[in-house]
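**Q** sequence below, structure please.
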Amino acid sequence: MTGRLNRAVASLGGALICFFVLIFLEQYKFSKIFDLLFGTVRDGFANFHSISLILAMMFIVQITHESGLFQFISISLIKLSKAKPILLMTFFCLITLLISAILNNILAVIILIPLTITVSRILNINPSPYILTQAILVNIGGTLFSISSIPNILITTYAKISFIEFFLNVGTLSLVVFVFTLIFFIMLYRRDLVIPRENLDILIEYNVWNFVQNRNLLYKSMISFIVLFSLFIIIPPELLAPDIIAWIIAISLILISRLNPKEIFSKVDLELILYLLGIFIIAGALELSGILKLFGTLISNLGEGDSYILLILILWISALLSSSIDNIPITKVLIPVVGNIQNLNSEALRTQLFYSLAIGANWGDNLTPLGDNILVMNICEQNKRPISFSQFFRLGFFTTIYQLLIITVYFTVVFKPILGIVLIFIISFLIIICYVFFKISRDKYKSIENLFIKVRKFIVG
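**A** Purely as a prediction, here's the structure:
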């Protein structure tokens, strides 16, 4: 939380403590550590398949990034807007949804933010509204597919949820919330979205191929992604695991790309893999100790066996925890908690709880700028387009609450129809209040930034 220690070092340090406790104090066999790292026959080696899928997707994404495919798609869509402000905002948001659905959040931000600043300089416009909305929507795109984020991969591998099942139950909800969020952003920023008409010709004449380093590789990457998603949809995970499908595409792409394999391997995020391995041991140790089972029993008792209350609890607990702690360990810890909840009517309901966990863990990251969004502010500052802590906090906090309330209303309408109708009226009123709040008090809450700086200084000493 303080940011003073590298996350992989912190994770491995915690794993080392767990190792000594399990082996020397609890007298577990050394083989138990391998079970925690890679899983067991009973859970289908879930951890191993998760790491395997993440590695394969890293190779695919790295090669695709080298081709300039995502930059090409982005600029092409932006040109379609013809510099119409609201249409440009819409296309920026669509690009964000598309890229973050395929890439991890950090890589999506590294591609999107400099690209947005470049376009803003071409058009001589203020990039802040576009950057802020993109930073929020990255996490919406992260719930579109089962491979869109690491929490999704961990959940779907553990719960054996197929690619198409995840999309139909979580991805479609994400698309609906995306539309509502886009409407909110357009209403909020419509007066700020001004583009000088003399810059229209510059955008239209801009050559999108300037962002493409290798056309041949771009076409190969595009075909590879189409084949990958098609295979995910067509082939059931029982027949061929998703990570094996991803590795087939990854190895094929390495061979046909004719890039230097050593360069590709050197760009793999080893820190992330070590971080995950450490988290696997820590979460496994918590499960062995019975702590996660107690947590699951507590949530079950709070829910009193009511499936609706359990869904809401998992959604908001995972979101609130992810707002200040990385959503990967939160997800890994909460997965067995959901698995240990008793008195469920069916396994289908447990799967619904996993869907709720995926949404909460991903979207909760925007409640504060303490997670990956710090990277957004750093990139903006490096490009001399700074975004303040208070700017991001106000938009991120209220937008995330708004998004989570939409999902809460959805669950309420499905499980408690009468209460759902009442909630719709209440939330409609709150949306109007929030909108007025933003428009009237946009510059009144600078003190929030100073407060958080003082708290952070106190925490880190």
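**Q** L112: what's it in contact with?
**A** S74, I95, T96, I99, Q134, V138 (Cβ atoms under 8 Å, 6 or more residues apart in numbering). C-beta: built from backbone N, CA, C; applies to glycine.
**Q** now the one helix or strand it maps to: average pLDDT?
**A** Using DSSP states H and E, L112 falls within helix 105-123. Helix 105-123 shows a mean pLDDT of 76.
**Q** again with stretch 26-42
**A** Per-residue scores along stretch 26-42 average to 87.
**Q** same check, this time on stretch 264-280
**A** Averaged across stretch 264-280, pLDDT comes to 86.
**Q** list the contacts of Y130.
**A** Counting by Cβ under 8 Å, 6+ apart, Y130 has contacts L88, M89, F92, T116, S120.
**Q** ok, it to I387 distance?
**A** Noted for Y130: a distance of 11 Å to I387, by Cβ to Cβ, to the nearest Å.
**Q** please apply the same query to F92.
**A** Taking Cβ to Cβ, one finds F92 at 15 Å from I387.
**Q** repeat for A46
**A** For A46 relative to I387 (Cβ to Cβ), the value is 38 Å.
**Q** picking up where we left off before, okay, F92 and I387: which has more neighbours?
**A** F92 (27 against 22; other Cβ atoms under 10 Å).
**Q** secondary structure element holding the more buried one?
**A** helix 85-102.
**Q** which other residues reach that helix?
**A** When contacts are defined by Cβ under 8 Å, 6+ apart, helix 85-102 is touched by residues 61, 70, 73-74, 77-78, 80-81, 108, 111-112, 116, 129-130, 133-134, 137-142, 144-145, 147-148, 178, 182, 185-186, 189-190, 193-195, 225.
**Q** orientation of that helix relative to helix 105-123 in degrees?
**A** Helix 85-102 runs at 160 degrees relative to helix 105-123, counting by axes from the mean of the first three to the mean of the last three Cα atoms, to 10 degrees.
**Q** what average pLDDT does helix 85-102 get?
**A** On average, helix 85-102 scores 86.
**Q** buried residues, the helix holding L112. List them.
**A** Within helix 105-123, the residues scored as buried using 16 or more other Cβ atoms under 10 Å are 105, 107-113, 115-120, 123.
**Q** nearest to L270 among the residues you listed?
**A** In terms of Cβ to Cβ, no member of the buried residues of helix 105-123 lies closer to L270 than L107, at 14.9 Å.
**Q** got a list of what that closest one touches?
**A** V61, H65.
**Q** residues contacting the residue lying closest to A56 once chain neighbours are set aside?
**A** Spatial nearest neighbour of A56, chain neighbours left out: A246 (3.5 Å); criterion: Cβ to Cβ, 6 or more residues apart in numbering. Listed by Cβ under 8 Å, 6+ apart, the contact set of A246 reads S52, L53, A56, M57, I60, I147, L228.
**Q** spatially nearest residue to F19 (excluding sequence neighbours)?
**A** Counting by Cβ to Cβ, 6+ apart, the residue nearest F19 is I33, at 6.3 Å.
**Q** was I right about the one you found contacting F20?
**A** No: using Cβ atoms under 8 Å, I33 makes no contact with F20, being 10.9 Å away.
**Q** pick out whichever of the two has more residues nearby.
**A** Legend: neighbour count by other Cβ under 10 Å for I33 and F20, higher for I33 (19 against 10).
**Q** what is the neighbour count of K160?
**A** Using other Cβ under 10 Å, K160 has 13 other residues around it.
**Q** what sits against it?
**A** Listed by Cβ under 8 Å, 6+ apart, the contact set of K160 reads G44, P237.
**Q** now rank the contacts of L112 by neighbours and give me the top one.
**A** V138 (29 neighbours).
**Q** and for the nearest residue to it once chain neighbours are set aside, the neighbour number?
**A** Closest residue to V138 apart from its sequence neighbours, by Cβ to Cβ, 6+ apart: S100 at 4.4 Å. S100 sits with 26 neighbouring residues when counted by other Cβ under 10 Å.
**Q** tell me which element Y308 falls in.
**A** Element membership for Y308, per DSSP H and E: helix 307-322.
**Q** which of the residues in that helix are buried?
**A** Result for helix 307-322 [16+ other Cβ under 10 Å]: buried residues 307, 309-319, 321-322.
**Q** same question, stretch 254-266
**A** For stretch 254-266, the neighbour count (16+ other Cβ under 10 Å) marks I254, S257, L259, I264 as buried.
**Q** list the contacts of that stretch.
**A** Contacts for stretch 254-266 (Cβ under 8 Å, 6+ apart): F59, Q62, I63, E66, L217, K220, S221.
**Q** and for stretch 8-18?
**A** In contact with stretch 8-18 (Cβ under 8 Å, 6+ apart) are residues 271-272, 274-282, 284-285, 329.
**Q** just the buried residues of the top helix by length along the chain, please?
**A** The longest helix of the chain (DSSP state H) is helix 389-415. For helix 389-415, the neighbour count (16+ other Cβ under 10 Å) marks 389-412, 415 as buried.
**Q** ditto for stretch 146-153
**A** S146, I147, S148, S149, I150, P151, N152, I153.
**Q** return the member of these nearest to N207.
**A** For those, the nearest to N207 is S148 (30.6 Å; Cβ to Cβ).
**Q** I'd say the closest one and V138 touch.
**A** No: the pair S148 / V138 is not scored as a contact, 10.1 Å apart, by Cβ under 8 Å.
**Q** any idea how far the residue nearest to V138 is from G142?
**A** 6 Å.
**Q** same question, S289
**A** Distance, S289 to G142, using Cβ to Cβ: 30 Å.
**Q** quick one: which of the two has more around it?
**A** Between S289 and G142, counted using other Cβ under 10 Å, the more crowded position is G142 (29 against 14).
**Q** look up the closest residue to the more buried one, ignoring the ones flanking it.
**A** Closest residue to G142 apart from its sequence neighbours, by Cβ to Cβ, 6+ apart: S149 at 3.9 Å.
**Q** list the contacts for the one you found?
**A** Contacts of S149 by Cβ under 8 Å, 6+ apart are N104, N105, G142, T143, N362.
**Q** turn those into TSV, columns for distance to L344.
**A** TSV is the format used below for those (distance: Cβ to Cβ, whole Å):
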residue	distance to L344
N104	32
N105	31
G142	27
T143	23
N362	23
